[in-house]
Structure formats: C-alpha cells, structure tokens
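[1] Okay, here's the prediction I keep looking at, along with the sequence it came from:
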Amino acid sequence: MKLPNGPQISPLAQMVRWIANPMSFMETCAKSYGDIFTIRLDKNLPPLVMVSNPQALQQILTNDTKALEAPGDLNQVFESLVGKYSVFTLSGAEHQRQRQLLMPPFHGERMRNYSQVITDVTQKVISQYQIGKPFNIRSATQAITLRVIMQAVFGLHEGTRAEKLQQFLGELLEKASSRLLVALLYFPALQRDFGPINFWGKHIRRQQEADQLIYEEIWERREQPDSSRTDILSLLMAARDEAGQPMTEQELRDELITLLAAGHETTATALAWALYWIYKLPSVRQKLLQELDSLGDDPDPSIIFKLPYLNAVCSETLRIYPVGMLTFPRKVVRTPLSLGGYELEPGTVLLGSIYLTHQREDIYPQAKQFKPERFLERQFSAYEYLPFGGGARRCIGLAFAQLQMKLVLAKILSSFELELVDNGEVRPKRRGLVTGPDRPIQMVIKSQRQVKSSILQTTTV
C-alpha cells in the first residue's frame with residue numbers, strides 16, 4: 001500500500017519523539033514531507049497519516065459516515081481514564097446515542113444558567129490570592145474550572161462529598177497530565193506495578209476513590225429525585241433516548257469523567273495562555289480593557305459573550321497553541337479514498353493536525369505571533385480553524401468552554417490589576433494527552449480595579 005512519505009526512523013524512536021515533544025515532531029515532519037505525511041508509532045499497529053491541509057481536512061471531516069468512520073476503538077488511549085461508555089470511546093449508533101443525550105444541557109437557556117456560577121467562582125478564587133504575592137496563574141485557572149465543573153456539572157457546591165470529590169478529581173487529572181502516565185497509556189504492557197514502583201497502582205486507586213464518590217452521588221439522586229435541579233448530572237439522569245431508556249450508572253460515570261477531563265484541564269490551560277498573552281502584550285490588554293469598561297458595572301453575560309475583541313483574543317489563544325493538537329482519528333472504510341494525491345486503501349488511519357493547520361503561514365501570516373486582529377479582519381472556515389475538532393466528534397462542550405473563557409477573563413480583567421512576574425517567552429509542551437505551558441506562568445495582583453468608565457453603557461446595552 002502506497003502511503004505518503006514520513007520519517008524513516010524506527011517506530012520506537014518516533015513514539016519517543018511523539019511522547020516527548022509532539023509539536024516539534026509534527027513541525028519537523030511537515031517541513032520535510034509537506035501537509036500530508038505518515039508516522040509510525042508502533043510496529044504492531046497501523047501507520048498514521050497526518051493531514052494539515054484545509055481542503056483535505058474538509059474532505060475527511062465531512063465524510064464521517066460515508067468513505068470514513070470515526071471508530072471509538074482508535075481512542076483506546078483514553079479508556080483507562082474515561083471508561084468504555086464514554087462518548088470518546090464508543091462507535092456508531094452507541095456513540096450517536098450518547099451525543100444526543102449529552103447535547104441538551106449545553107445549549108440555550110440551560111447553558112446561560114451557568115453564567116453566574118462561573119462569575120462567582122472566578123471572583124472567589126482570585127480574591128484568595130494576596131496582593132503583591134506571586135502565584136502560578138494556571139493553578140488559579142485550574143481551581144476556577146474545577147470548581148465550576150463541580151457546581152455546573154455535578155451540582156455539588158459544598159459538603160464533605162463535594163470537598164473529597166474535588167480533591168480526588170483534581171489529583172487524578174493532575175497526575176494524568178504527566179509524561180510518565182502518557183507513556184503508560186501508549187504502552188499498555190507497562191500498566192502494572194513494578195515492585196516499589198507503583199505509579200500505575202496509585203493512579204487506579206485514586207480513580208476508584210473518585211468513582212465511589214460519583215456512584216454515591218448518583219445513588220442518592222435516584223433515591224431522592226429533585227426536578228428543580230439544573231446541573232448537568234441531574235439533566236443527564238433525567239434524559240431518555242429514543243427507546244425511552246435512561247443512561248446506566250456506568251454510562252453516567254463515564255460521561256461525567258469525560259466532561260471533567262475534556263472541560264477542566266483544557267479550559268484551565270486555555271485561560272492561562274490567554275492571560276499570559278494579554279499581560280505580555282500591553283496593546284492587547286488596553287484594547288480589551290477599553291471594550292470591557294464600555295459595558296459599565298455588572299454587564300449582562302450575554303453581552304460579554306458577544307464582545308468582538310474579547311472573542312478575537314479567545315480565538316487567537318486557541319489558534320496559536322491549541323490545547324488539543326489533533327482531531328480524533330478516522331479510518332478509511334470499504335473503498336479506497338483519494339486524498340492529497342494518494343489513493344488510501346481501506347483500513348488507513350487518518351489524523352487531522354489542528355496544531356499544524358493553525359500554524360500555516362498561507363492562512364495565518366506571521367503565525368507564531370499573537371494577533372487577535374486576524375479574527376476581526378476575516379472569518380476562517382471550520383477546516384482552517386478547528387480548536388474543537390470537527391465532524392461527528394466535534395467537541396460537545398465548545399459553547400460552554402467559550403462562555404467560561406470569556407466570563408472568567410472579563411471578571412479577572414475588570415476586577416484586578418495584574419502583571420507578569422517574568423515577561424520571558426513561554427512555549428507549549430505536552431501535558432498529558434493535550435498541551436500546556438512549558439513552565440509556570442507567574443503573575444501578581446497589583447491592586448483591585450474599578451471600572452473607569454460607564455459612558456457607553458446605555459448605547460452598548
């Protein structure tokens with residue numbers, strides 16, 4: 001089978017580079033082989049064809065039910081964390097059923113109900129930091145997004161179970177972001193303890209402790225139903241599929257962990273990057289503050305969500321260093337697929353490189369520079385800009401993530417004067433199965449801030 005060219009080093013060497021520094025590995029391959037190339041990470045597994053051409057991506061992502069499929073078994077690297085019944089790991093009709101059950105809580109008025117939770121949590125977390133004392137901004141955004149998920153998704157605001165679950169889930173995701181755990185996920189044979197080295201066993205026990213608390217919450221809700229609750233767990237427990245069947249306890253657990261894994265770590269990282277760029281580039285910060293100040297005190301969240309420059313800043317943050325590097329894999333089925341000048345045989349596995357697509361100079365001139373204005377000057381297609389993936393596996397929670405990003409940033413910038421402790425460059429690196437900053441981003445609160453002008457409030461609202 002003729003496949004696109006790719007690196008000639010051994011699969012093991014490619015795997016090591018992929019685990020250690022995937023962005024550099026992809027960029028090196030793209031420079032040598034163009035916008036479609038083949039990598040081999042395991043001699044016993046099919047090669048992976050990586051694509052970063054928007055036309056080819058459109059062909060891939062619009063053919064999910066025709067020439068291609070997006071099987072869950074290709075996402076097994078996630079299974080040890082999210083389970084067998086996650087929307088990540090299911091295929092076909094089962095996958096479609098879970099998506100349909102999951103989507104309603106993330107749309108319309110229900111999602112807007114979470115605005116006050118996001119704003120209140122942000123104010124409470126940031127207020128805990130002392131003026132003049134440096135802190136890691138990513139630790140702050142992690143605390144915000146985890147607490148938001150605890151309240152919006154799990155419906156847990158306080159109490160012993162809420163505190164324990166928040167602690168266990170926070171530890172679980174923090175450990176899951178290490179390169180060691182990534183290596184264990186890619187090498188299942190190593191998923192066991194080796195004498196005194198019991199990293200995997202500790203990970204499993206931590207997960208079991210969190211699972212027990214989740215199941216206790218589900219059992220309690222079933223025994224004492226409350227139709228007035230609007231958290232996502234309650235909505236999922238009340239949801240029914242086309243056959244009138246609810247989610248099982250295992251399905252609920254797996255989808256809750258999926259929402260946590262997909263919505264906590266990723267949004268926390270995106271927020272940390274956004275604050276880094278906003279405070280690194282004075283012109284960006286000044287334009288953003290001018291836009292936010294024009295709304296006056298206590299603006300409506302729906303107005304904040306629509307602010308053009310705030311949207312541009314968030315979009316550019318998700319472009320320059322996308323938290324998710326890749327689309328979910330697709331597989332050619334039944335008949336050969338003509339793509340990028342190649343005839344790809346059935347069974348070929350394709351990956352869209354979100355990172356490489358977002359770094360294309362022909363789409364984003366000066367792609368290594370943070371320039372929010374590019375999102376005001378033109379509109380990019382869903383195959384040129386795809387931080388939330390696309391097709392049948394496009395992120396369900398993208399609107400919630402965008403709402404949370406905008407409201408958190410608006411609250412922090414409007415309420416506090418901050419600055420970077422170190423204005424040096426921060427680069428992306430692998431953090432678990434996604435990306436993150438390669439060093440702590442230290443910031444300091446200089447003072448609390450008052451809105452300087454509400455002159456435009458009446459015209460804006």
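    Sure thing, it's come through.
[2] Going by neighbour count, which residues in stretch 112-128 are buried?
    Residues of stretch 112-128 classed as buried by neighbour count (16 or more other C-beta atoms under 10 Å): Y114, S115, V117, I118, T119, V121, T122, V125, I126. Any C-beta I mention is one placed from the backbone N, CA and C, and that applies to glycine too.
[3] export these to a markdown table and tack on secondary structure and pLDDT?
    As requested, those are exported to a markdown table (DSSP: H, G, I helix; E, B strand; the rest coil; pLDDT from 0 to 100):
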| residue | secondary structure | pLDDT |
| --- | --- | --- |
| Y114 | coil | 88 |
| S115 | helix | 91 |
| V117 | helix | 91 |
| I118 | helix | 94 |
| T119 | helix | 94 |
| V121 | helix | 94 |
| T122 | helix | 95 |
| V125 | helix | 94 |
| I126 | helix | 94 |
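[4] Go through the residues you listed and say which is closest to R431.
    V125 (20.5 Å; C-beta to C-beta).
[5] measure the closest one to Q142 for me?
    10 Å (C-beta to C-beta, to the nearest Å).
[6] residues in contact with the closest residue to Q59 other than its chain neighbours?
    In space, and not counting its chain neighbours, Q59 is closest to L339: 6.2 Å by C-beta to C-beta, 6 or more residues apart in numbering. Neighbouring residues of L339 by C-beta atoms under 8 Å, 6 or more residues apart in numbering: I36, V51, A56, Q59, I60, L350.
[7] From the residues you listed, which land in strands?
    I36, V51, L350 (DSSP state E).
[8] Burial check on the last one, number of neighbours?
    Burial of L350, expressed as a neighbour count using other C-beta atoms under 10 Å, amounts to 23.
[9] remind me, longest helix of the chain?
    Counting by DSSP state H, the longest helix found in the chain is helix 199-223.
[10] Give me the buried positions along that helix.
    199-200, 203, 206-207, 209-211, 213-214, 217-218, 221.
[11] now the strands for the stretch 301-450 of the chain?
    Along the stretch 301-450 of the chain, counting by DSSP state E, counting those that start in this stretch, strands occupy 330-332, 337-339, 342-344, 349-352, 416-420, 428-431, 434-437, 442-448.
[12] Select, out of those, the one closest to Y385.
    strand 349-352 (12.2 Å).
[13] Spatially, and excluding backbone neighbours, which residue is closest to T248.
    That would be Y85: by C-beta to C-beta, 6+ apart, it lies 7.5 Å from T248.
[14] repeat for R17
    F25 (4.4 Å).
[15] Burial check on the one you found, number of neighbours?
    For F25, using other C-beta under 10 Å, the count is 17.
[16] now do R334
    With other C-beta under 10 Å as criterion, R334 counts 10.
[17] do L165 as well
    Neighbours of L165 using other C-beta under 10 Å come to 22.
[18] Could you pull up the residues touching the residue nearest to it when sequence neighbours are not counted?
    Distance criterion C-beta to C-beta, 6+ apart; nearest residue to L165, sequence neighbours excluded, is L213 at 4.5 Å. Taking C-beta under 8 Å, 6+ apart as the contact definition, L213 lies against R161, K164, L165, F168.
[19] Understood, closing this out.
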